[in-house]
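Colleague: predicted model and sequence follow; I will ask about them next.
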Amino acid sequence: MFEGFTAQTIDTGNGIEIAARIGGSGPPLLLLHGFPETHLCWRKVAPELASQFTVVATDLRGCGASSKPAGGPGHANYSKRAMAADQIEVMRRLGYDRFRLVGHDRGGRVAHRLALDHSGAVERMAVLDIAPTATMYARTSRAFAEAYYHWFFLIQPFDLPERLIGADPEYYLRRTLASWCKTEGALEEEAIAAYLAAFKKPEAIHAACEDYRAAATIDLDHDAADDRAGRRLAVPLLALWGARGTIAREFDVLQTWRDKSDAEVAGTALECGHFVPEEAPDATVAELLRFL
């Protein structure tokens, strides 16, 4: 699915190894995937992007073939700050001090934190089908809670969600993918099988829960500290989202990002559901190439 790309495992030096696929030539571009997937979510767009960029598509900490530590005190091991630091180190070890950045879903939240903590490393960034985490929690409605029930299920104390998902991870994964995807055939069986092989491991299920637990605790603390200090995004940002998804129904996406940014914010809805790069790959490539 990544013809012409090479697989590499990068030791970040802090006990975490990050798996990556690297291909193409030109300025560096880091792609970060979302839940409950891996770097394979970029399989339809990475080859086109590689015609103009050196593409680095990684598995986030806790996902795919990357390291999966326990959550640690206060869920700190899955704070977006820790996960962003992984990705900074990956790019530095590949020889890139500055790069372009694209994140979908959870990867977009890591990208948001990365751009705040390491603004000098990011030239331009794009986020796919998300609004800022703190904004989404603060504006939670009944409709949002029903659609994004997993935000409130996965944060329950260890090991309730782990046990329930672990009882039938294939059912959970397939139901999740099917309910968020609004484009028939966009998620082919080969990709689903690869996602399942990665997700069904107990340590991966635990990591997913810790990611969401961190988002509801330590990540909100970091966001609040930024707000108090007046720290805002300082790099141009593109927001893309699915016109048939929950984000489109519940939020003014561009305004939520303008509320967090001192730089240019642009973007548009694409005709798809949540899995933007898989459901609308051609439109995603066109928008990314135009912006990046």
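Modeller: That came through, no problem. Numbers count the residues shown, from 1 in each chain.

Colleague: and stretch 151-163, what's its mean pLDDT?
Modeller: Mean per-residue pLDDT for stretch 151-163: 98.

Colleague: gap between the two ends of that stretch?
Modeller: Stretch 151-163 has an end-to-end distance of 17 Å (C-alpha to C-alpha, to the nearest Å).

Colleague: so which bits of that stretch are buried?
Modeller: 151, 154-155, 161-162 (16 or more other C-beta atoms under 10 Å). Using the backbone N, CA and C atoms, a C-beta is placed for each residue, glycine as well.

Colleague: next one: stretch 55-73
Modeller: Applying 16+ other C-beta under 10 Å to stretch 55-73 flags 55-69, 71 as buried.

Colleague: gap between the residue nearest the centre of the chain and residue 257?
Modeller: Centroid check for the chain by C-alpha atoms, centre = their mean gives residue 107 as the closest residue, at 1.5 Å. Between residue 107 and residue 257 the computed distance is 16 Å (C-beta to C-beta, to the nearest Å).

Colleague: now do the contacts for residue 54.
Modeller: Residue 54 makes contact with 22-29, according to C-beta atoms under 8 Å, 6 or more residues apart in numbering.

Colleague: strands of the chain, residue ranges please.
Modeller: Along the chain, the stretches classed as strands by DSSP state E are 6-11, 17-24, 28-32, 54-58, 99-104, 122-128, 237-242, 265-270.

Colleague: export those to CSV and tack on distance to residue 276?
Modeller: Output for these, formatted as CSV (distance: least, C-beta to C-beta, whole Å):
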stretch, distance to residue 276
strand 6-11, 24
strand 17-24, 19
strand 28-32, 12
strand 54-58, 15
strand 99-104, 6
strand 122-128, 5
strand 237-242, 6
strand 265-270, 6
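
Colleague: so what's residue 219 closest to, chain neighbours aside?
Modeller: Using C-beta to C-beta, 6 or more residues apart in numbering and skipping residues adjacent in sequence, the residue nearest residue 219 is residue 80, 5.2 Å away.
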